[in-house]
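Enquirer: Show me the folded form of this:
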Amino acid sequence: MIRRACLSSGFLWCLGLADELEALQATFGWKGGGIDRLRFFKERLGFEPRHVVDVGAHVGNWTRDAREVYPSADFLLIEANPEHADKLRATGERFEIALLTSQPRPKVVFHSTRCNVKTGASIFREQTPWYEHEICHQPLVLQSWTLDQVVQNSSSAGVACCDLVKADVQGAEIEVLRGGQRTLRNAQLVLLEASVLPYNEGAPRFSELIRFMAEHGFEVVDVADASFSEDLT
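Expert: This next block holds a predicted model:
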């Protein structure tokens, strides 16, 4: 059984680990977001989480794919953008609309966009045309909670239930996990997005994320997949 391991899924442009993700998906049925690695951990290492927290759930696509690997697991989806509530409700999964930060705050600027599917929305403004141009940029002012608060309030089992934590929050991974100390202590595997380049303004870099996880007893055990972008401004 895996314990205290960090699975890092990140933007690794400089390493060039994958260059035709869409071709891989079409040809081999390959799934991004670490799903294939989760299947490996299940089949080879016996990792079978009972409770999964999906932070940065967007419209629920990652959980949909992860449920194929863990059909009996209990999933909690957490998404900051209230615009996605209807699509999350349609998944039939348990979900919460909540912006997560290290401490609860009454007002936090959350950078969204009018110009695409909003997968880059974050408290750290994405440095791409979708968020840089004022015609696209759509800042929202939201109340925030901590990960521990949301998990505790959403589960009768409390924070001890989280075996697997996935966080894809566009540079805010450390900010979210600082507010989830109890949740993190009970996790056996953590799947994170990590950026090598400064993709989100002011967001921690890859090395800072690895250092933070090491300080909390986690080590990188795998790189799930790599994404590339030419949109940086």
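Enquirer: What is the least confident helix or strand in the protein?
Expert: Of the helices and strands making up the chain, the lowest-confidence element is helix 21-28, at a mean of 42, by mean pLDDT, DSSP states H and E.
Enquirer: Mind listing what's buried along the very next helix or strand once past it?
Expert: Using DSSP states H and E, the helix or strand that directly follows helix 21-28 along the chain is helix 35-45. Buried residues in helix 35-45, defined by neighbour count with 16 or more other CB atoms under 10 Å: 35, 36, 37, 38, 39, 41. Backbone N, C-alpha and C define where each C-beta goes, glycine included.
Enquirer: Please tell me I have it right and the fifth one contacts residue 69.
Expert: Yes: using CB atoms under 8 Å, residue 39 makes contact with residue 69 at a distance of 5.0 Å.
Enquirer: Just the CA coordinates for the helix or strand where residue 108 lies, please, in CSV.
Expert: Residue 108 is part of strand 105-113, with elements assigned from DSSP H and E. Once side chains and other backbone atoms are set aside, the C-alpha atoms of strand 105-113 remain, and they are given as CSV (Å, rounded to 0.1, in the frame of the first residue of the first chain):
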residue,chain,number,x,y,z
ARG,A,105,-11.3,35.1,4.0
PRO,A,106,-14.4,37.2,3.4
LYS,A,107,-13.2,38.5,0.0
VAL,A,108,-10.7,37.0,-2.5
VAL,A,109,-10.2,37.9,-6.1
PHE,A,110,-10.7,34.9,-8.3
HIS,A,111,-9.5,35.4,-11.9
SER,A,112,-11.9,33.8,-14.5
THR,A,113,-12.4,34.5,-18.2
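Enquirer: Give me the residues contacting that strand.
Expert: Taking contacts as CB atoms under 8 Å, 6 or more residues apart in numbering, the residues outside strand 105-113 that touch it are 80-81, 83, 99, 101, 118, 120-126, 130-131, 136-144.
Enquirer: Which members of those are positioned in helices?
Expert: Among these, the members falling in helices (DSSP state H) are 130, 131.
Enquirer: Please list only the buried members of the contacts of strand 105-113.
Expert: Buried positions within the contacts of strand 105-113, assessed by neighbour count (16+ other CB under 10 Å), are 80-81, 99, 101, 118, 120-126, 130-131, 137-138, 142, 144.
Enquirer: what about this structure, any weak spots by pLDDT?
Expert: Counting by pLDDT under 70, the ranges of the chain that qualify are 1-33, 116-117, 156-161, 199-200, 225-233.
Enquirer: residues in contact with the residue lying farthest from the centre of it?
Expert: Among the residues of the chain, the one whose C-alpha is farthest from the average of all C-alpha positions is residue 135, by CA atoms, centre = their mean at 26.9 Å. Residue 135 makes contact with 114, 115 under the criterion CB under 8 Å, 6+ apart.
Enquirer: any idea how far it is from residue 115?
Expert: The span separating residue 135 from residue 115 equals 8 Å under the rule CB to CB, to the nearest Å.
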